[in-house]
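A.B. asks: Need the 3D shape of this:
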Amino acid sequence: MDFDFTPVFDSAGYLLGGVGTTILLSLLSIILGGVIGLAVGLGRCYGSRPLALVLGFYVDTMRAIPVLVLLVWMYFAFPIASGINLPPFWAAVVALSLHSAAYVAEIFRAGIQSIRSGQTRAGLALGMSTSQLIRKIILPQAFIRMLPDFGSIISRTIKYTSIATVIAVPELMRRADTVATQSYRPIEVFTAAMVAYFVMTFPVTRVVDGVYRRVAHRGQS
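C.D. replies: Okay, the predicted model is just below:
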């Protein structure tokens, strides 16, 4: 079998545009998912029981629904139900953010609950408010303990962006499919796409693991 990567090189600019869209989609989904996940995690730990039940239902629902189904629903069904039309890119951002936020919320909840209760009692005895206790004692230690799990969430979100091809988001996989179809060179083009995803994802996990090894002692209590 002869391999010809000429279509990849000829379409390098087009494919790199897809890489840029993939990175932007990943960043927005990770940031928005992290913010929502933090709010949900704190709500489940420190909110009222009714609020915790509602947030728990959200977490269980998001974890039970495949991300592909959520993505398709957000693009095709949400506009019908709400009257709000979302462009493909933003539909993907919302779907990926809501999906990842459920997992981030559980990571935050587990990290917060892993802090010994004695530290909470000591902080309250010193006259700290609940918000001060969370910001200055609980979250700094919990965040360090959660770093390895955050690395997994980040890498998984980057990989999940490839699913956005089903709603025509012009990310890497969508553009790779276009080039492969036009050039009749799927092996070469999709191999290049696979390498590109590896290059985007692997350093992230290594960097997070390296940071965790350096600061892990600060999360011990």
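A.B. asks: Count the residues that sit near the residue nearest to residue 123 when sequence neighbours are not counted.
C.D. replies: Of all residues not flanking residue 123 in the chain, residue 133 sits nearest, at 4.3 Å (CB to CB, 6 or more residues apart in numbering). (Glycine included, C-beta is placed from N, CA and C.) The local packing of residue 133 (other CB atoms under 10 Å) involves 19 other residues.
A.B. asks: Which helix or strand contains residue 133?
C.D. replies: helix 130-133 (DSSP states H and E).
A.B. asks: so the residue nearest to residue 123 makes contact with residue 126?
C.D. replies: No: with contact defined as CB atoms under 8 Å, residue 133 does not reach residue 126; the gap is 9.2 Å.
A.B. asks: Give the other helices and strands that the helix holding residue 133 contacts.
C.D. replies: With contacts taken as 3 or more CB pairs under 8 Å, 6 or more residues apart in numbering; DSSP states H and E, helix 130-133 sits against helix 117-125.
A.B. asks: and stretch 202-218, which residues are buried?
C.D. replies: By neighbour count on 16 or more other CB atoms under 10 Å, the buried set for stretch 202-218 is 204, 208, 212.
A.B. asks: what's next to that stretch, contact-wise?
C.D. replies: 140, 141, 144, 147, 148, 150, 151, 152, 154, 155, 158 (CB atoms under 8 Å, 6 or more residues apart in numbering).
A.B. asks: now swap in stretch 121-133 and tell me
C.D. replies: 46, 120, 136, 137.
A.B. asks: What subset of these is buried?
C.D. replies: The buried subset of these - by 16+ other CB under 10 Å - is 120, 137.
A.B. asks: Dump the contacts of stretch 121-133 to a markdown table, plus pLDDT.
C.D. replies: Compiled in a markdown table, these are given as follows (pLDDT from 0 to 100):
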| residue | pLDDT |
| --- | --- |
| 46 | 88 |
| 120 | 76 |
| 136 | 83 |
| 137 | 82 |
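A.B. asks: From the chain's centroid, how far away is the one helix or strand residue 29 maps to?
C.D. replies: Here residue 29, judged by DSSP H and E, is contained in helix 12-46. Put simply, helix 12-46 sits 5 Å off its chain's centre (CA atoms, centre = their mean, to the nearest Å).
A.B. asks: Next: stretch 48-66.
C.D. replies: 18 Å.
A.B. asks: Between helix 12-46 and the helix or strand residue 105 falls within, find me the angle.
C.D. replies: Secondary structure from DSSP H and E places residue 105 in helix 88-113. For helix 88-113 against helix 12-46, the angle by axes from the mean of the first three to the mean of the last three CA atoms, to 10 degrees is 40 degrees.
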